[in-house]
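Undergrad: please work out how this folds:
(chains A and B)
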Amino acid sequence: GQQLNQSPQSMFIQEGEDVSMNCTSSSIFNTWLWYKQDPGEGPVLLIALYKAGELTSNGRLTAQFGITRKDSFLNISASIPSDVGIYFCAGQDTDKLIFGTGTRLQVFP
Amino acid sequence: DAGVTQSPTHLIKTRGQQVTLRCSPKSGHDTVSWYQQALGQGPQFIFQYYEEEERQRGNFPDRFSGHQFPNYSSELNVNALLLGDSALYLCASSPGPGQGSYEQYFGPGTRLTVT
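TA: Got it, this is the predicted structure:
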């Protein structure tokens, strides 16, 4: 099935560092969503973006809807151990979400 | 405020058998979508139900079928199970079409293992 490209595939960072990840698509989306998934659990919605160029924050998380509508970015500031997990982007295509390949984040104390 | 719930949590079936998974949407939501997540991959859309009808379907064979009940809960049925059907099955709920929100909220998933 179709998946969006996320990079990096994995990240190993030290507690307190900032994190940046991105998601790209060959198709245009009108809505971008970012989710975090812990092992064996369902994805948890972090941020939703509805407008090209939009910058939205949720605590230490900031996400941007790319101007071309084919990409999105997620930044995490001052990472903490509980930020560990897999981060997925998703683009809204009519009624369904198209998910990215995921970025696995590891945070070391 | 109850979130999305799914049952069972885990399930082990044999090839050729049939399975039914269940989902109750988040309070206030009337639309349910089902996704399959293979190990190490992102979720793949199976289908979506609204007003007890299938609105859209992903690239899955007819062995995958669903149903939505008047209380908005939903079932996913898979017939003639194959080893490749082993995955985490996720249910997501959202407000109905036209309500201005495309945010889908996921349940904890059902881990299906086919042996």
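Undergrad: for the residue of chain B found nearest chain A, what are its contacts?
TA: Residue nearest to chain A within chain B: B:Gly42 (3.3 Å; Cβ to the nearest Cβ). To be clear about C-beta, it is placed using only N, CA and C from the backbone, and glycine gets the same treatment. With contact taken as Cβ atoms under 8 Å, 6 or more residues apart in numbering or on different chains, B:Gly42 is in contact with A:Gln3, A:Leu4, A:Phe88, A:Ala90, A:Phe99, A:Gly100, A:Thr101, A:Gly102.
Undergrad: and residue 39, how many neighbours?
TA: Assuming you mean chain A. 7 (other Cβ atoms under 10 Å in any protein chain shown).
Undergrad: wrong chain, I was asking about chain B
TA: 7.
Undergrad: for it, helix, strand, or coil?
TA: coil (DSSP: H, G, I helix; E, B strand; the rest coil).
Undergrad: what bridges to the residue nearest to it when sequence neighbours are not counted?
TA: Leaving out its chain neighbours, the residue that sits closest to B:Leu39 by Cβ to Cβ, 6 or more residues apart in numbering or on different chains is B:Ala87, at 7.5 Å. Beta-bridge pairing of B:Ala87 under DSSP bridges involves B:Leu112.
Undergrad: which helix or strand contains the residue of chain B closest to chain A?
TA: Using DSSP states H and E, B:Gly42 falls within no helix or strand.
Undergrad: the residue nearest to B:Leu39 and A:Phe99: what is the separation?
TA: With the distance defined as Cβ to Cβ, to the nearest Å, B:Ala87 ends up 14 Å from A:Phe99.
Undergrad: quick one, which of those two is more surrounded?
TA: Applying other Cβ under 10 Å to B:Ala87 and A:Phe99 shows that A:Phe99 carries more neighbours, namely 26 against 20.
Undergrad: what is the one residue in chain A that gets nearest to chain B paired to in the beta sheet?
TA: The minimum distance from chain A to chain B, using Cβ to the nearest Cβ, falls at A:Phe99 (3.3 Å). The partner list for A:Phe99 in beta bridges (DSSP bridges) reads A:Ala90.
Undergrad: can you check the pLDDT for it?
TA: Listed pLDDT for A:Phe99 reads 96.
Undergrad: quick check: bridge partners of the residue nearest the centre of chain B?
TA: Geometric centre of chain B, nearest residue: B:Trp34, 2.9 Å, by Cα atoms, centre = their mean. Taking DSSP bridges as the rule, B:Trp34 bridges to B:Phe47, B:Cys91.
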